[in-house]
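Colleague: model this:
(one chain, ligands or ions: 1)
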Amino acid sequence: MTNPDYETLFEFLQYPLETTKPLIERFASLPGAIARGSGEQSFVYRPGERKDRVLLVAHADTVWDCDPDHSSSFPPSRFIKRDGVLHSDNGEGRGLGADDRAGCAILWEFRQFGHSLLVVSGEETGQVGSTFLMKSNPDIADEINGTHGFMIELDRRNELDYKCYEVGSRHFRRYLASSLRGFSEPDRNSCTDICTLCRDICGVNLSVGYRYEHTANEILVLEHWINSIETLWSWIIPSGLPRFPIPNRLPPEAITLVGECS
Ligand SMILES: [Zn+2]
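Modeller: Coordinates of the predicted model:
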């Protein structure tokens, strides 16, 4: 792992932009993997076995996904490598798909270290896959929130950003600041899958090295992708990872309106 495998990354970037099918099937082939749903409303969850496991999250779809039913086959995606940077060679206004195939490739690199993996579809159309998981799969929703210390999504542009949105806490942010050398939180705007998935525990989204996502000019800086792997390696491989509940996120039945207290 100190020598990250570009071959894996290149394989993931060659999956067609238009469908999640081959990528979902790859994760579904892992022993113990649970694949549910279809099209945008689908996910693959592979439980880890470490006691102090965390949940690693990425999304399989791209903004060029036009085949939610997985009914067609498409030619491989193409890219060009120039001075350590990958560029799209797909034409017709289509980018690289590094958002978020670069994140999926990182999950694959970490599949053997006891942490859980979750690959969802439908992120680009409004967290459709993660909403399907939370609303229609209560067993998995309870398991991911109940048996993991926190969630790490690998789906952020740039090199050194971390973002917790509304699913962080003061303690979790302090912990991240000491665990992630050089990383900082630019703001708390926007949302991604962890904003839907983190019901009881905190979550963070980390940079994976892509830029100009959703455009034909999308790039992936290999050194920045590697830096995310090395950061994760020194952070989540050692044992003793803590658990970070989200404070003040009470279940709806436990919430009493102020006027009702007395
Ligand atoms: Zn994304």
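
Colleague: Regarding the residue of the stretch 101-250 of the chain found nearest the ion, what is its secondary structure?
Modeller: At 4.3 Å from the ion, D155 is the closest residue in the stretch 101-250 of the chain, using CB to the ion. Placement of C-beta: from N, CA and C, glycine included. Per DSSP: H, G, I helix; E, B strand; the rest coil, the secondary structure class of D155 is strand.

Colleague: do the same with L117
Modeller: Under three-state DSSP, L117 comes out as strand.

Colleague: Next, the nearest residue to it once chain neighbours are set aside: phi, psi?
Modeller: Excluding the flanking residues, the one nearest L117 by CB to CB, 6 or more residues apart in numbering is R46, at 4.4 Å. With angles defined as degrees, to the nearest 10, R46 sits at phi -120, psi 110.

Colleague: Got the confidence number for R46?
Modeller: For R46, the pLDDT comes out at 98.

Colleague: Pull the contacting residues for it.
Modeller: 27, 30, 32-34, 111, 116-118 (CB atoms under 8 Å, 6 or more residues apart in numbering).

Colleague: cool, P16 as well?
Modeller: 22, 73-77.

Colleague: Find the residue at the geometric middle of this structure.
Modeller: Centroid check for the chain by CA atoms, centre = their mean gives A58 as the closest residue, at 2.3 Å.

Colleague: And that residue, how close does it get to G209?
Modeller: Per CB to CB, to the nearest Å, A58 is found 13 Å from G209.

Colleague: what's the answer for D83, then?
Modeller: Per CB to CB, D83 is found 14 Å from G209.

Colleague: Where does L232 sit: helix, strand or coil?
Modeller: L232 is classified as helix under three-state DSSP.

Colleague: ok so G37 is a strand residue?
Modeller: Yes: using three-state DSSP, the assignment for G37 is a strand.

Colleague: Do you know the pLDDT at it?
Modeller: Taking G37 on its own, its pLDDT is 96.

Colleague: what's the answer for L257, then?
Modeller: Per the predicted model, pLDDT is 39 at L257.

Colleague: Okay, I140 and I34: tell me how far apart.
Modeller: 7 Å.

Colleague: what's the answer for S77, then?
Modeller: 27 Å.

Colleague: So for those two, which residue has more residues nearby?
Modeller: S77 (22 against 15; other CB atoms under 10 Å).

Colleague: show me what contacts the more buried one?
Modeller: 13-17, 90, 96-97.

Colleague: Just the buried residues from those, in PyMOL please.
Modeller: To isolate the buried ones among the contacts of S77 in PyMOL, judged by 16 or more other CB atoms under 10 Å, type:
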select buried, resi 13+15+16+17+90+96+97
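
Colleague: Which single one of the contacts of S77 is nearest to D67?
Modeller: P16 (8.4 Å; CB to CB).

Colleague: buried ones in stretch 145-152?
Modeller: 145, 148-152.

Colleague: cool, stretch 195-210 as well?
Modeller: In stretch 195-210, counting by 16+ other CB under 10 Å, buried: 195-198, 200-210.

Colleague: what about it and the ion, any contact?
Modeller: No: applying CB under 5 Å from the ion, one finds stretch 195-210 separated from the ion by no less than 8.5 Å.

Colleague: can I have that stretch written out in PDB, keeping just the CAs?
Modeller: Provided in PDB are the C-alpha atoms of stretch 195-210 (Å, rounded to 0.1, in the frame of the first residue of the first chain):
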ATOM      1  CA  CYS A 195     -25.300  14.200   4.900                       C
ATOM      2  CA  THR A 196     -28.000  11.500   4.300                       C
ATOM      3  CA  LEU A 197     -26.200   8.500   5.700                       C
ATOM      4  CA  CYS A 198     -24.900  10.000   9.000                       C
ATOM      5  CA  ARG A 199     -27.900   9.700  11.300                       C
ATOM      6  CA  ASP A 200     -26.100   8.800  14.500                       C
ATOM      7  CA  ILE A 201     -22.400   9.200  13.900                       C
ATOM      8  CA  CYS A 202     -20.200  11.900  12.400                       C
ATOM      9  CA  GLY A 203     -18.800  11.900   8.900                       C
ATOM     10  CA  VAL A 204     -16.200  13.700   6.700                       C
ATOM     11  CA  ASN A 205     -15.700  14.100   3.000                       C
ATOM     12  CA  LEU A 206     -12.000  14.100   1.900                       C
ATOM     13  CA  SER A 207     -10.300  15.500  -1.200                       C
ATOM     14  CA  VAL A 208      -9.300  12.800  -3.800                       C
ATOM     15  CA  GLY A 209      -7.500  15.000  -6.300                       C
ATOM     16  CA  TYR A 210     -10.000  15.800  -9.000                       C
END
